[in-house]
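Colleague: What would the 3D arrangement of this be:
(chains A and B)
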Amino acid sequence: MEATLQHPAPKPGHEAHGHEDHHDPGFWRTYIFSTDHKVIGVQYALGSLSFLLFGFFLMLLMRWQISKPGVPVPVIGPLLEKALGSAAPHGALSPDLYNSFGAMHGTIMVFLAIVPLAFAAFSNVVLPLQIGAPDMAFPRVNMASFQAYVVGGVIMLASFFIPGGAAQAGWTSYSPLATAIPTDGQTFWIIGMVFIITSSLLSAVNFIATIIQLRAPGMTWMRLPFFVWAQFVTSFLLLLAFPPLEAAAVMQLMDKVAHTSFFLPTGLAIGGQLANISGGGSPLLWQHLFWFLGHPEVYVLILPAMGIVCEIIANNTRKPIWGYKSLVYSVLAIGFLSFIVWAHHMYLTGMGTKVAVFFQATTMIISIPSVIILTCLFISLWGGSIRFNTPMLFALAFLPMFGIGGLTGLPLGFNISDVHLHDTYYVIAHFHYVVAPGTIFALFAGIYYWLPKLTGRKLNEFWGRVHFWGSLIFMNIVFMPMFAQGMAGMLRRMADGGANYSAAVNAKGGAEVIGGLSSNIMEMHTWILWGACILGLAQIPFIINLFWSLKHGEKVESDNPWQATTLEWQTATPPPHGNFPEAPHVYRGPYEYSVPGHATDFTPQDEPPK
Amino acid sequence: MVMDFPYIVEPRRDSGLYNAKLGIWLFLASEVMLFGALFSAYVLLRVGAEPGMWPHGWLNIPIGTANTVVLITSSITTVLAWVSCKLRQYGRFKFFHACTILLALTFVCIKSFEYHDKFTHYEIALANGKFADGHLMEKSKDFDLEKKTGSVTIHGYEVEQRTELMDLHSPEARRRPREEITLPAAEIKKMERYGPWHHTYLAIYFTLTGLHALHVVCGAVVIGFLWGPGTRMWRTEPERFTNRIEVSGLFWHFVDLVWIFLFPVLYLL
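Modeller: Numbering: from 1, shown residues only, chains lettered A, B, ... in the order given. So this is what the prediction gives:
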């Protein structure tokens, strides 16, 4: 095998073909400054999983503060005070610090954890293999993309330790609030975002070009695995939706640094003082530009997850996906429609009822293709001889969890019911159901499914199941009560978890006070806190399993341990530099399972017809 | 046989493109969205401005026209440089792209002159409610607005209302004589340069043209590289080098195209 993988001596003048490290390139070129898509994918995965854990810890600290306002955080509290000083007096979170953690939890989870993991990491590892490509179309751009991501992440992390701490205005960074807070956290946030956006743009260009240009012979569009389609649409969303946020970030940076008034209205008063600005700006402009990214971003978070789930369901039901074409057309429809629904985040801004009605209509329309995708995946289970392994369990749990997240979004899409639910914990519960037990479960599924391709060893099945059931149960204990809290009127950004409101109720002896929260609602904070802690514990088996399996996991017997049809399983394990010893030729669609008359219950895409 | 990296030089048959050309088109699509967002910000700010408070004629049209001509010419020389590569005429390529780089530098010089003009231009609110407006000639050594000492001399004019400063295309504004005015600090309420903080029009002007100028500089650096050290590839792989000239040229045309929109929007409308 080794001999056939040697690259030929480079022809004179072909020195810059993207992967010029023909001879043993050494540690730095192999692992740090690599241009190999698989290595970059693993780099992305390690980076984004670390950020995922970090964002989770921020959330634990916030849950403690919500549940026990002003009480010092056990264990970590003294460290916090030492690291952040007066922002964490006696180891408790000050309201400013709570706001910082809230803003940064959102930013880190969305831009530094989920998107890089779901989009960049999984695409990098899997996508070129699935289409039979030797690498990404632009290997060095790929490396640059990861480097920009690292720089952006470092800037975001560094901002915690500057005077005044990290950004405090929420992950949405609405102006004028974001501009008016007199610390530099927001400036760091903007500059960090510019790097992260650059990283996503470079990735998006690269993936689209790879899919269009480097498909193996015979890999026609309708033979692409659904995962590739999902990432293709995701790339377009990133490509076209992120630049407006970049423009908005530049303008907010100008507001912050050059004292312009892009988002600052005439007559703005800060702290009772008329601000010394030219005025004439529009706070609504920021919201439009932010959500023009923000809503497609929601689909950036979910489409790769759907792609992963689809692959795993097809593989573990041992039958073709039901409605492959419906899936493809639905994902294309979602991609298009996601650009015209953004203002459903802005029903309460006073932008006008006619505008609101338009966006309400498009929002209802976009739920149709989403439901089609979910329905196709459900129907695919019908009559399958399902293999319940860990990846499949996570993929199966994705379906109802995403279903809950999606369906609870409908009342937010109608502007009448949104008036009541807007900015409450209901919203928090809704989008976390989509992203946490939704997308993250799909990502776990993907890790359990594809890691054997990279390492040649499976993860431990028993601890995988412990991880699965712990995550499933405690995810729901964390997020389900939030629906009730939100419907009771609990707002999403209160640093004391609504303690002041409930104090008002108690003083008047009843729940007549508008906005008051009953003790039942307040007690849920405690369940959520302990639910979140145990959810954290449930991740420990996964982390240990991940590293333990590298050396001690069960070795795979073949290159195709799941007996899958797609191309990534038809090459060596791990795939060599250049991926395929010979360019594969594709003869059929991606999900040819249980073909009658075929010797095995799977027919690989590159198996020549008899 | 190991897979060779495909479509680096020759186009793929079904897409009709080589990799880099597709890449640059996708990148340009994202650039369209970037500048598109800024242009829509311009529209929203302008529509939302108080009546009579959106400026006209704050920029010098002949200078803007000259810069437009400079950039369009550079687009032409870029195409000629690419054609020369296609025809394998290395000398002509070197000449035309030298012109492109010089024109890019000319554009940046003219632009920085315009910026300088704005940063020496002051609007001064006077204690008597009038407004003085003009370019700074001289500040006395002891000039201090806080302490009310010294005086400042500008070349410009005084008007009764701030709205009169907004429409400089109007016949009255054109007839207004410019003279040297010396104003003691004691008579000055507020004095502000025509920087981006002065008005949202200037904010979007500086942001759009600044971002555009950044693109010009980056494009010039890339073309400069391909003109200088990058020509090594010409000797070994002329077709691939020609592709690089084409791809960088596509970017350059886009940068020109942005200016074609910027000029009327900011200077003429």
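
Colleague: How much space separates A:Ile368 from chain B?
Modeller: Separation of A:Ile368 from chain B (Cβ to the nearest Cβ, to the nearest Å): 26 Å. To be clear about C-beta, it is placed using only N, CA and C from the backbone, and glycine gets the same treatment.

Colleague: Show me what counts as buried in the helix or strand harbouring that residue.
Modeller: A:Ile368 belongs to helix A:353-381 when assigned by DSSP states H and E. Using 16 or more other Cβ atoms under 10 Å in any protein chain shown as the test for burial, helix A:353-381 gives A:356, A:359-360, A:362-363, A:366-367, A:369-370, A:372-377, A:380.

Colleague: And those residues, which is closest to A:Trp469?
Modeller: A:Leu377 (21.4 Å; Cβ to Cβ).

Colleague: Run through the residues that contact the closest one.
Modeller: The neighbours of A:Leu377, taking Cβ atoms under 8 Å, 6 or more residues apart in numbering or on different chains as the test, are A:306, A:309-310, A:313, A:321, A:399.

Colleague: cool, and A:Ser471?
Modeller: A:437, A:441, A:444, A:535, A:538-539.

Colleague: a helix runs through it, doesn't it?
Modeller: Yes - counting by DSSP: H, G, I helix; E, B strand; the rest coil, A:Ser471 falls inside a helix.

Colleague: what bits of the stretch 1-150 of chain B have low per-residue confidence?
Modeller: Counting by pLDDT under 70, the stretch 1-150 of chain B contains low-confidence ranges at B:1-4.

Colleague: which parts of it sit against chain A?
Modeller: Taking Cβ under 8 Å from any Cβ of the partner chain as the contact definition, the stretch 1-150 of chain B meets chain A at B:1-8, B:12, B:15, B:17, B:19-20, B:22-23, B:26-27, B:29-31, B:33-38, B:41, B:44-45, B:48-50, B:53.

Colleague: Type out the ChimeraX command that picks the buried ones from these.
Modeller: The buried subset of the residues of the stretch 1-150 of chain B next to chain A, as determined by 16+ other Cβ under 10 Å, is captured in ChimeraX by this line:
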select /B:2,3,5,6,7,8,12,17,19,20,22,23,26,27,29,30,31,33,34,35,37,38,41,44,45,48,49,53
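
Colleague: Just give the number of residues close to residue 185.
Modeller: With no chain named, the answer covers chain A. Close neighbours of A:Gly185, defined as other Cβ atoms under 10 Å in any protein chain shown, add up to 24.

Colleague: my bad, the chain I had in mind was chain B
Modeller: There are 19 residues near B:Ala185, going by other Cβ under 10 Å.

Colleague: which residue packs closest to residue 177, ignoring adjacent ones?
Modeller: No chain was given, so I picked chain A. What sits nearest to A:Leu177 in space, not counting adjacent residues and going by Cβ to Cβ, 6 or more residues apart in numbering or on different chains, is A:Ala169, at 4.8 Å.

Colleague: that's the wrong chain, I wanted chain B
Modeller: Sequence neighbours aside, B:Tyr157 is the residue nearest to B:Pro177 in space, at 6.7 Å (criterion: Cβ to Cβ, 6+ apart).

Colleague: Mind telling me what element that neighbour is part of?
Modeller: Here B:Tyr157, judged by DSSP H and E, is contained in strand B:151-159.

Colleague: Residues contacting the helix or strand following that strand, please?
Modeller: Next in sequence after strand B:151-159, counting helices and strands by DSSP H and E, comes helix B:171-175. Residues outside helix B:171-175 that contact it (Cβ under 8 Å, 6+ apart) are B:57, B:164, B:167-168.

Colleague: Now the two most distant members of the residues you listed.
Modeller: Farthest pair in the contacts of helix B:171-175, by Cβ to Cβ: B:Gly57 and B:Glu164, 12.0 Å.

Colleague: These two: which has the busier surroundings?
Modeller: Applying other Cβ under 10 Å to B:Gly57 and B:Glu164 shows that B:Glu164 carries more neighbours, namely 18 against 15.

Colleague: What is the nearest of the buried residues of helix A:353-381 to chain B?
Modeller: A:Phe359 (16.6 Å; Cβ to the nearest Cβ).

Colleague: Please verify my assumption that that closest one contacts A:Trp342.
Modeller: Yes - under the criterion of Cβ atoms under 8 Å, A:Phe359 makes contact with A:Trp342 at 7.5 Å.

Colleague: wait, what's in contact with A:His105?
Modeller: A:55, A:58-59, A:62, A:171.

Colleague: what helix or strand is it on?
Modeller: helix A:95-107.

Colleague: list the buried ones in that helix?
Modeller: So helix A:95-107, judged by 16+ other Cβ under 10 Å, has buried residues A:96-107.

Colleague: so what's the closest residue to B:Ser151 other than its chain neighbours scoring on pLDDT?
Modeller: Among residues not flanking B:Ser151 along the chain, B:Pro184 sits closest, at 4.5 Å (Cβ to Cβ, 6+ apart). pLDDT, B:Pro184: 93.

Colleague: what kind of secondary structure is the residue nearest to A:Pro139 when sequence neighbours are not counted in?
Modeller: Leaving aside its sequence neighbours, A:Pro139 sits nearest to A:Thr35 (Cβ to Cβ, 6+ apart; 3.7 Å). Secondary structure for A:Thr35, judged by three-state DSSP, is coil.

Colleague: I figured A:Thr35 was touching A:Ser145, is that so?
Modeller: No - A:Thr35 is beyond contact range of A:Ser145, at 11.0 Å (criterion: Cβ under 8 Å).

Colleague: okay, those two: which has more neighbours?
Modeller: The neighbour count for A:Thr35 versus A:Ser145, taken as other Cβ under 10 Å, is higher for A:Ser145 (26 against 22).

Colleague: In contact with the more buried one, which residues are there?
Modeller: A:40, A:120, A:198-200, A:202-203, A:206.

Colleague: What of A:Ser67?
Modeller: So A:Ser67 contacts A:497, A:525-526, A:528-529 (Cβ under 8 Å, 6+ apart).

Colleague: circling back to that earlier point, which of the contacts of A:Leu377 fall in helices?
Modeller: Taking DSSP state H, the ones among the contacts of A:Leu377 that sit in helices are A:306, A:309-310, A:313, A:399.

Colleague: Of the residues you listed - the most surrounded one?
Modeller: Busiest of the ones in helices among the contacts of A:Leu377 [other Cβ under 10 Å] is A:Val309, holding 31 neighbours.

Colleague: Quickly note the distance from that residue to A:Leu332.
Modeller: Taking Cβ to Cβ, to the nearest Å as the measure, A:Val309 and A:Leu332 are separated by 18 Å.

Colleague: how about stretch B:129-137: buried residues?
Modeller: Buried residues in stretch B:129-137 (16+ other Cβ under 10 Å): B:131-134, B:136.

Colleague: My error: substitute stretch B:95-110 in the last question.
Modeller: For stretch B:95-110, by 16+ other Cβ under 10 Å, it's B:96-97, B:99-101, B:103-108.

Colleague: Show me where chain A has its strands.
Modeller: For chain A, the strands defined by DSSP state E occupy A:269-270, A:273-274.
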